[in-house]
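1. Got a sequence here, can you model it:
(one chain, ligands or ions: 1)
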Amino acid sequence: MKKGTLLLFLLLALVLSGCGRPQEEKSTPAEVAKTYTGHGRVLSIDSTGVMIRHGEIPGYMAAMTMHYPVQDTILLSGISPGDSVSFQIRVKGYQHELVAIEKAETAGPEDGQ
Ligand SMILES: [Cu+2]
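-> Numbering: from 1, shown residues only. As a prediction, the model looks like this:
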């Protein structure tokens with residue numbers, strides 16, 4: 001009976017851990033997805049994402065020009081090279097992706113040089 005109880009306990013533990021999100025529990029805080037907002041100008045668009053010259057993104061990165069991947073390029077419909085934009089970057093660990101972008105009405109000082 002003792003063996004049976006142990007087995008049941010292990011099975012229960014397995015089931016319970018399966019209900020949680022072990023992947024996230026193991027994550028360090030840096031690996032929890034965070035979203036940052038940036039402002040900049042679109043330089044180019046390709047089939048995988050968008051090249052943006054952006055100002056500083058507080059808490060995330062300095063002003064720079066870089067390519068941001070998008071999961072679905074439908075996000076980029078209506079956006080053209082040269083547009084001044086506000087955008088959101090979702091960051092998890094060392095991965096990041098553009099999750100929202102919209103044209104800004106006016107070019108701001110964060111627009112890059
Ligand atoms: Cu960057």
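
2. alpha carbons only for contacts and neighbour counts from here, please
-> Will do.

3. With adjacent residues omitted, what lies nearest to R90?
-> T35 (4.4 Å; CA to CA, 6 or more residues apart in numbering).

4. can you list the residues that contact the helix or strand that contains P69?
-> Using DSSP states H and E, P69 falls within strand 64-69. With contact meaning CA atoms under 8 Å, 6 or more residues apart in numbering, strand 64-69 is reached by 48-56, 96-98, 112.

5. mind running it again at 6 Å?
-> Identification of contacts with strand 64-69 by CA atoms under 6 Å, 6 or more residues apart in numbering yields 48-54, 97-98.

6. Buried residues, the helix or strand that comes right after that strand. List them.
-> Per DSSP H and E, the first helix or strand lying C-terminal to strand 64-69 is strand 84-92. Across strand 84-92, burial judged by 16 or more other CA atoms under 10 Å covers 84-89, 91.

7. Ok, stretch 41-52 next?
-> Neighbour-count burial for stretch 41-52 [16+ other CA under 10 Å]: 41-45, 49-52.

8. from those, which two are the most distant?
-> Pairwise distances across the buried residues of stretch 41-52 (CA to CA) peak at 13.8 Å, for the pair R41 and G49.

9. what about the strands in this structure?
-> Counting by DSSP state E, the segments of the chain that form strands are 34-45, 49-54, 64-69, 84-92, 95-103.
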